[in-house]
Every structure is written in structure tokens, then in C-alpha cells.
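> Quick one, what's the 3D model for this:
(chains A and B)
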2 protein chains.
Amino acid sequence: MPLQYNEYYNEQTGLTIGLKKLLFAKQSDYQLVEVYETDTWGNLMTIDGMVMLSERDEFVYHEMISHVAMFTHPNPKRVLIIGGGDGGTAREVLKHSSVEHVDMVEIDQTVVEASKLHFPGVGDFDNPKLNVLYEDGIAFVKNVKDPYDVIIIDGSDPVGPAEGLFEKDFYQFCLDALTDDGVLTAQTESPWVESYYPSMKKVFTALDELFEISKMYLSYIPLYPAGMWSMACATKGEDPLSSEVTKRIRSNPELLKSLNYYNEEVHFGSFALPNFVKKIIE
Amino acid sequence: MPLQYNEYYNEQTGLTIGLKKLLFAKQSDYQLVEVYETDTWGNLMTIDGMVMLSERDEFVYHEMISHVAMFTHPNPKRVLIIGGGDGGTAREVLKHSSVEHVDMVEIDQTVVEASKLHFPGVGDFDNPKLNVLYEDGIAFVKNVKDPYDVIIIDGSDPVGPAEGLFEKDFYQFCLDALTDDGVLTAQTESPWVESYYPSMKKVFTALDELFEISKMYLSYIPLYPAGMWSMACATKGEDPLSSEVTKRIRSNPELLKSLNYYNEEVHFGSFALPNFVKKIIE
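Sure, this is the predicted structure:
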């Protein structure tokens, strides 16, 4: 029997990935971080046995959690990333020439360490505009003095250290930490995994109460449960589906050319929700 | 070790589904058809070891392969389904009140037999507008005398009996078997499975050469490889993205209410292709 990674997300339903060898394993103060070399996905990072990213598919998640927010904001200069220790979200954010400063607040230095060692193409850690802090994101966002144009919640599942990232209080702090035209995006789990429905409903109810506009959008992520992943976009008034967004996307042909997933049609199309998905957050 | 279904689609990458028991297994003249009771997906049909449908997720595939075509055509009366033995595509097509006659040409009676026995909610086999023929779809489409408004290619993967459904000759026959405002849809595999890229490229090149309009669209199907599935929509001039389509969808509120996946936004949003998907068929 070859070495296999197995993740079960739905009683006995799961994903199997063939592994070549273990490259990294460290139990941090928060979680078990592992990196494996795989047969067809490049290197793969898991946290507490759940896939975080592979070299082959990471572009989907990182482009979609970043560019939807970055093009919804008219001129994003200051960006806060909560979590995102692998560095991929910061890499995408930093492609926007308007950006002056990015704070990335990752609770677990081990994730950054694993990424620097085994995902050399993912992070852009030497970028002088990027400031990495090893702190609790929830505590950090409570005490923001200088607000952000964009906040991206790039945390793991609502178990373990990321649990608080699915609470209303947390989104109130985010709202307060945003500028007047601020935009927030967050990962909000798979609409095919029923055990996450309460967390999804809680997040979208909170965003709906707190923000002027809040919408779910979807991406195809092959190594996440069932391949369908939801994200939230919430703003103080900027409409992620406005013609201004189209103009901004079209005025950045060089940036767009560097992407493998996100484009103008994908931006707008990703907000189309199947009926069964709408029902989860109604 | 509990009973498991394992499908590997990418060297060692695969899907695992917990099984309760085998309900049906028959080696027909064409393929091995099996039905299992599963823990969380209801009954599951596999053909030669590949998932065809589960009771829980079949609505996605059947709604998306049917309604995109049915709403793109201005007034579909006669519909041909090639394959589709489980009956789900015919069920969706028959929801359109304009439909007068549906021919379903399934090569393998065993698929219909398994569906009637173990997927009672999927087929609508007693509908008097439905005519089921057990014939080779390719031979059938070569000899069509009375053309169809809509042809739906609901076959399995391009190995085994469905191989010819990915050839240009076949699409030439389909073109000839369509009325002047005819619309065709077909399932065209997962954009995450590189071994299918040559077949996908071949189909879209053929459609592009033969039809006035041809486009790829996508659906989230959790039990198909990587959860992302592509389909083709090709027409003799009707634009699947026109405002006429919007009008037709909006004038059918009762039909729309019966659906779990397809809606107006999903129709249009599903044609938004990520960059890496566009490249496969460029």
C-alpha cells in the first residue's frame, strides 16, 4: 500500500492523495503542520490533517480571496491579512500597484516556516511592503489604530485556533478597523459539507447585520471538500458587482495576465449561487 | 475496514465514499453497472468503477446539462438525449411545457434497469412524451429524418462505448439532426484531469468549426473528479448569453422554483471560465 493522505469530510466521504514522502512535520503551540511531496499536486501542506494548499492548486484560493476584494475597493493602499501564513494571499495583494503596506497577522510562525522551506513559489516574504506579525488575529483587529482599506480573513476551518474567525464580535472589530470605503473578504467553507452550515449561516448573518453590502461567492478548489468553496465579500458601500469594478479590472491588463484563475467574467460569475447554496445562508 | 468505493482520477488522487451495501451489479454487453447504498449520498451508480450519479448530487448534473440548452432554444418541442439512461436528464427536459416529444437513445438497457430499481426519484420513465430506445446513439443520430430542436449528449467518459461521442464526425451528424435554431449540449469532462485535455480540446475544436456559436460552461459536481465539470453548449445561431434567454427564464417561475441548482444567475455565471480552463480549449 503506497503512502496516502486521506481526509474525510462527510462521515466516510473523502479525498485521497498519493504521497511520495513527508518533508516537514511540527506540532506547534496551536496545531500540527505537515508538508508532503505528492505525485501530481506538488508539495502539499496539511494542518491537523486537513489540506491547506498544494503547489498545483493554490492559485485558485489565493487569487479568489484577494482580487475580488482588491478590485472592489477603488484604491486599496493598506491591507490587513488575518492568517494567510503560507504567504499566497499577500503575494496576490502585492500585485496591485496601489498597495503601500500589508500587515499579515499569522498566529502560527510554523506555517510561515513550512511555507518558506517547501513552497518557495507561494510567498513573497521579502517584499518590503509586507509586514508579518506573529500574533492572534482577533486580538490584533480589536486594537487597530490606523484603519485598513481591505481586510482578508484567510484562516482555517472553524475548529481550533480559527474558531473565533466565525463569530459576530470578530466581524464587528473588522468593521471598525476598516476605512469608510473598506472591503472585507473571508473564506467561509464548503456548501457541500453540512456540518459547516451553522458556521456559514452565522458568518453571513453577522455580515448582513454589520455591513452595508455582503455577498457570498464561489470558487472551484479541487483539494478542498467536494471541490466547491465559498467566500464572503462585505463592504461599507462599494458594490462588488458594479461597473466601476469592471473598469478597474480592465485598466490592469498586466496584472490580469499574471493570473491563472481570476478574470473579469470569473469575478462576476463567481457571485452566481446555486439554489441549494442560497438556502444555506437565507 | 468498512466497505469503500475508491475512484482514482489522477495517478493516486481520488475520491472515497463509504458504502453500506451493494444493491445491484450486472456486467452488460457494454460495461459493468453497479449500485451501492452509501452513508451520506443516497444510492450511488458506478459504471466500470466510475461514479455516474448519486441520489444526493444528481440534481446538479441533470439540471445543468438540460436547462442551459432548453432556455437557449426559443421554443424546444422535440428533444433527443444520447445516453442519459438514468433518466434524470429526460426528467428535467420534460419540465418544459413546450416539449412535445423526447427520444432518449441509451445503448445499455442495464443502466435504465438499475435506475428504475434503485433511483426511483431520478427518472420520469412513465411520461407519455418520453420514448426510450436501446440503440447506439452514434448510429441513431446518423439516420435522423425528423430533426430535433435540442440534442443533449449525456454520455460517460471518452473510454468504452462513449468514446465516439468525443469525435468530430459525431458532432457533424448532430448538426445535421438539428433544426435551424437547434441547440446542443454535451458533457465534456473535468478541467482538473489532464488526461482528458486531448478529448476536451478535440470536442471544442470540432464544435467551433461546425457550429455558429460554441461555448464551455462549468458546474460544481462533488462526486466527479475534482468537483469541477465542463459542458459544451453549441448552437446554429441562438446565443446562450442573450437577453432573450433571461426573458425565457423569468417567464417560467414555477419551473425555476422546482430546481436546486440552476437559476438565472447560474445560467450566465456558469459560462465564466477561469484562465487555466480557457487555455485547455484555446
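> Residues of the stretch 151-282 of chain A that sit close to chain B?
Those residues of the stretch 151-282 of chain A that sit near chain B, judged by Cβ under 8 Å from any Cβ of the partner chain, are A:192, A:218, A:220-222, A:226-228, A:259-263, A:265-266, A:268-276. Bear in mind the C-beta positions are built from the backbone N, C-alpha and C, glycine included.
> how close does the residue lying closest to A:V245 once chain neighbours are set aside sit to A:I249?
Nearest residue to A:V245, sequence neighbours excluded (Cβ to Cβ, 6 or more residues apart in numbering or on different chains): A:F71, at 5.3 Å. To A:I249, A:F71 is 5 Å away according to Cβ to Cβ, to the nearest Å.
> now do A:D154
Separation of A:D154 from A:I249 (Cβ to Cβ) stands at 21 Å.
> In terms of neighbours, single out the busier of those two.
Each of A:D154 and A:I249 has its neighbours counted (other Cβ atoms under 10 Å in any protein chain shown); A:D154 has more, 26 against 20.
> and the residue lying closest to that one once chain neighbours are set aside, how many neighbours?
Nearest in space to A:D154, with sequence neighbours left out and distances taken as Cβ to Cβ, 6+ apart, is A:G84 at 3.7 Å. Using other Cβ under 10 Å, A:G84 has 30 neighbouring residues.
> now A:Y30
Close neighbours of A:Y30, defined as other Cβ under 10 Å, add up to 18.
> How is it assigned, secondary-structure-wise?
Of the three states, A:Y30 takes coil according to DSSP: H, G, I helix; E, B strand; the rest coil.
> ok, it touching A:D108?
Yes. Using Cβ atoms under 8 Å, A:Y30 is in contact with A:D108, at 4.8 Å.
> ok, back up a step: what's the residue nearest to A:D154 in contact with, if anything?
Contacts were defined as Cβ atoms under 8 Å, 6 or more residues apart in numbering or on different chains; by that measure A:G84 touches A:A90, A:M104, A:E106, A:I152, A:D154.
> For these, give me JSON lines that also has pLDDT, distance to A:D126 and secondary structure.
Below are these laid out as JSON lines (pLDDT from 0 to 100; distance: Cβ to Cβ, whole Å; DSSP: H, G, I helix; E, B strand; the rest coil):
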{"residue": "A:A90", "pLDDT": "98", "distance to A:D126": "11", "secondary structure": "helix"}
{"residue": "A:M104", "pLDDT": "98", "distance to A:D126": "13", "secondary structure": "strand"}
{"residue": "A:E106", "pLDDT": "96", "distance to A:D126": "16", "secondary structure": "coil"}
{"residue": "A:I152", "pLDDT": "97", "distance to A:D126": "20", "secondary structure": "strand"}
{"residue": "A:D154", "pLDDT": "95", "distance to A:D126": "20", "secondary structure": "strand"}
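> out of these, what pair is the most spread apart?
Largest separation among the contacts of A:G84 by Cβ to Cβ: A:E106 and A:I152, giving 12.2 Å.
> More neighbours: which of those two?
The neighbour comparison of A:E106 against A:I152 (other Cβ under 10 Å) goes to A:I152, with 29 against 25.
> ok, that one touching A:V93?
Yes. Between A:I152 and A:V93 a contact is recorded at 7.2 Å, counting by Cβ under 8 Å.
> Show me whatever sits in contact with both of those two.
Common neighbours of A:I152 and A:V93 are listed as A:S66, A:V79, A:I81 (criterion: Cβ under 8 Å, 6+ apart).
> Tell me the one of these nearest B:K21?
Closest approach between the shared contacts of A:I152 and A:V93 and B:K21, by Cβ to Cβ: A:S66, at 46.0 Å.
> Point me to the residue of chain A nearest chain B.
A:G227 (1.6 Å; Cβ to the nearest Cβ).
> Look up phi and psi at that residue.
Torsion angles at A:G227 (phi, psi; degrees, to the nearest 10) stand at phi 80, psi 0.
> Nearest residue to it in space, please, no chain neighbours.
A:G227's closest residue in space is B:G227 (Cβ to Cβ, 6+ apart), at 1.6 Å.
> Might you report the residue contacts of the one you found?
A:Y220, A:I221, A:P222, A:A226, A:G227, A:M228, B:Y220, B:I221.
> Run through who's touching stretch A:165-180.
A:78, A:80, A:82-83, A:137-138, A:141-142, A:144, A:147-149, A:151, A:153, A:155, A:158, A:164, A:182, A:184, A:186, A:199, A:202-203, A:205-207, A:209-211, A:234, A:236-237.
> And it, what's buried?
For stretch A:165-180, the buried set under the neighbour-count rule, 16 or more other Cβ atoms under 10 Å in any protein chain shown, comprises A:L165, A:F166, A:E167, A:F170, A:Y171, A:F173, A:C174, A:L175, A:A177, A:L178, A:T179.
> before we move on, the earlier item: from B:Q172, how far out is the residue nearest to A:D154?
Per Cβ to Cβ, A:G84 is found 51 Å from B:Q172.
> surely A:Y5 meets A:L19?
Yes. At 5.4 Å, A:Y5 and A:L19 qualify as touching, with contact defined as Cβ under 8 Å.
> Looking at those two, which has the bigger crowd around it?
Shown here are A:Y5 and A:L19; by other Cβ under 10 Å, A:Y5 has more neighbours (21 against 18).
> sorry, back to before: got phi/psi on the residue nearest to A:D154?
phi 70, psi 30.
> Equivalent analysis for the one 5 residues further on, please.
When read as degrees, to the nearest 10, the backbone of A:T89 gives phi -70, psi -40.
> For the residue nearest to it when sequence neighbours are not counted, name its beta-bridge partners.
In space, A:T89 comes closest to A:D154 once its chain neighbours are excluded; the distance is 4.8 Å by Cβ to Cβ, 6+ apart. Taking DSSP bridges as the rule, A:D154 bridges to A:G83.
> who's in contact with A:D154?
Per Cβ under 8 Å, 6+ apart, neighbours of A:D154: A:I65, A:I81, A:I82, A:G83, A:G84, A:T89, A:A186, A:Q187.
> Look up the closest residue to A:N75, ignoring the ones flanking it.
A:S98 (5.3 Å).
> and the one you found, what does it touch?
Counted by Cβ under 8 Å, 6+ apart, A:S98 has contacts A:N75, A:P76, A:K77.
> Most neighbours among those residues, which one?
A:P76 (23 neighbours).
> so what's it up against?
By Cβ under 8 Å, 6+ apart, the neighbours of A:P76 are A:A69, A:M70, A:V93, A:H96, A:S98, A:V99, A:D149, A:V150, A:V183.
> Assign it to one of the three secondary structure states.
Classification of A:P76 using three-state DSSP returns coil.
> Could you report the pLDDT at it?
Here the pLDDT value assigned to A:P76 is 98.
> which residues of the stretch 51-200 of chain A fall in strands?
Along the stretch 51-200 of chain A, the stretches classed as strands by DSSP state E, counting those that start in this stretch are A:78-83, A:101-105, A:130-133, A:148-154, A:178-187.
> I am finished for the moment; much appreciated.
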